[in-house]
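Asker: Could you work out the structure for the sequence below:
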Amino acid sequence: MQLTFEVIAETLREQIHSGRLKPGDALPTQTALMREFGASSLTVQKAMALLKQDSWAVSRPGKGAFVAHHDQAGADDLDHREATAPAGGTAARVEALEQALADAVGQLAELRARVAVLEAGNDEPGR
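Answerer: As a prediction, the model looks like this:
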């Protein structure tokens, strides 16, 4: 008998495999999965960790979890999904890192703009 987190992960894997969820699609939120499966937040987190570990999903900080982009060769057979995991895992991790870097660069630009505004305000006479 599967544990609840395994059932959640397997359900999402099947939705990805069937095409109901496509690469780049947002996965259901933690709250939605908690409601759907009557599970705790820790159980849902374990399911998401399993999906990420197996390269089915990637996290984007501040945005959520998404279906990973990976080589679909051989993915038609759910029993052999581990054959595509290494290549998909690397590609998914690179994609996630590139997205995190892009997000960080954007946040850095926003912070620099705020600092510039604050510094400009402090240069006013009488302050």
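Asker: pLDDT averaged over the lengthiest helix in the chain - what is it?
Answerer: Counting by DSSP state H, the longest helix found in the chain is helix 85-122. Helix 85-122 shows a mean pLDDT of 75.
Asker: cool, and stretch 52-68?
Answerer: 91.
Asker: Burial check on residue 4, number of neighbours?
Answerer: Residues near residue 4, counting by other C-beta atoms under 10 Å, number 15. C-beta here means a position set from N, CA and C on the backbone, and glycine is covered the same way.
Asker: residue contacts, it?
Answerer: Each residue near residue 4 by C-beta atoms under 8 Å, 6 or more residues apart in numbering is listed here: 37, 39, 43, 47.
Asker: Please repeat the previous calculation with a cut-off of 6 Å.
Answerer: Going by C-beta atoms under 6 Å, 6 or more residues apart in numbering, residue 4 touches 39, 43.
Asker: And the pLDDT for it?
Answerer: Confidence score, pLDDT, at residue 4: 93.
Asker: Please apply the same query to the one 4 residues further on.
Answerer: We note a pLDDT of 95 for residue 8 in this prediction.
Asker: quick one: it is in a strand?
Answerer: No. Residue 8 sits outside any strand when classified using DSSP: H, G, I helix; E, B strand; the rest coil, being helix.
Asker: what residue is smack in the middle of the protein?
Answerer: In the chain, the centroid-proximal residue (C-alpha atoms, centre = their mean) is residue 59; its distance is 2.1 Å.
Asker: And the longest helix of the chain, what does it pack against?
Answerer: Counting contacts by 3 or more C-beta pairs under 6 Å, 6 or more residues apart in numbering; DSSP states H and E, helix 85-122 packs against strand 57-60.
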